[in-house]
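>>> sequence and predicted structure below; questions after.
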Amino acid sequence: MTADQTCPFPTKDADRNAIWDMLVPRDITAFVLADWSLVENDFAANGFYGIDAHTSANPDDWTLAFPDLLAYRETWLSQAHASQNTDYAEPLFDAVFSATKLEHIEINGDRALARKHFNGSIKKSDGSEDRLLWKTHYYCQKGADGKWRITGFIGYLPNNDV
């Protein structure tokens, strides 16, 4: 895991740094290792939900794919294990990290909206590639313990940043 992990936010901005760390290096590391335990405490277990936009700009096409954290966890683990079983021609962490940008985090009180963009590809040993081209908007809340947690998201939004 050698990709540059420099946070784009000033070090004095503790909240944005905490959210960035949660949604970028920690999330990618956990995914590459297929280790949910690294991120499980980053989620608000009660009330969490996730929407899959299916890369459609039309909200009528979106689905409540993850009605709770357990449903999301199962899909996340399935995708992470599938990645581990894929023969990539480059380090997976570096490729995912290079395709990921999180430069906009709006904070209002104890709530945050983080806009994570994916735009890149991962080369496979057979010459093909996995294309990463979507956006995810994460909803976060800062708890009484001072820790930011993901309360929900809209994922697989279309990304026209090409």
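Received, thanks. Numbering: from 1, shown residues only.
>>> by residue count, what's the longest helix in this structure?
In the chain, assigned by DSSP state H, the helix with the most residues is helix 69-84.
>>> so which elements touch the next helix or strand after that helix?
As assigned by DSSP states H and E, the chain's next helix or strand after helix 69-84 is helix 92-99. Helices and strands touching helix 92-99, by 3 or more Cβ pairs under 8 Å, 6 or more residues apart in numbering; DSSP states H and E, are helix 27-33, strand 111-123. Bear in mind the C-beta positions are built from the backbone N, C-alpha and C, glycine included.
>>> now do the helix or strand following the first one: everything it contacts.
Counting by DSSP H and E, the next helix or strand C-terminal to helix 27-33 is strand 49-52. Outside of strand 49-52, the residues that reach it under the criterion Cβ atoms under 8 Å, 6 or more residues apart in numbering are 62-68, 71-72, 152-156.
>>> now do stretch 27-44
By Cβ under 8 Å, 6+ apart, stretch 27-44 touches 1, 22, 26, 69, 72-73, 76-77, 79-81, 83-84, 92-93, 96-97, 100, 141, 143, 147-151.
>>> for Ala45, which of the helices and strands packed on helix 92-99 is the nearest?
Ranking the helices and strands packed on helix 92-99 by their distance to Ala45 (criterion: Cβ to Cβ) puts helix 27-33 first, at 16.3 Å.
>>> so how far is that closest one from its chain's centroid?
Centre-to-centre, helix 27-33 and its host chain are 10 Å apart (Cα atoms, centre = their mean, to the nearest Å).
>>> ditto for stretch 7-14
Counting by Cα atoms, centre = their mean, stretch 7-14 comes out at 19 Å from the chain centroid.
>>> would you mark the buried spots in it?
For stretch 7-14, the neighbour count (16 or more other Cβ atoms under 10 Å) marks 7, 9 as buried.
>>> for it, C-alpha coordinates in PDB please.
Only the C-alpha atoms of stretch 7-14 are listed here, as PDB (Å, rounded to 0.1, in the frame of the first residue of the first chain):
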ATOM      1  CA  CYS A   7      -5.400  14.600   2.900                       C
ATOM      2  CA  PRO A   8      -6.400  17.600   0.800                       C
ATOM      3  CA  PHE A   9      -7.700  19.500   3.800                       C
ATOM      4  CA  PRO A  10      -5.600  21.700   6.200                       C
ATOM      5  CA  THR A  11      -4.300  19.800   9.200                       C
ATOM      6  CA  LYS A  12      -6.000  22.200  11.500                       C
ATOM      7  CA  ASP A  13      -9.400  21.200  10.100                       C
ATOM      8  CA  ALA A  14      -9.800  18.200  12.400                       C
END
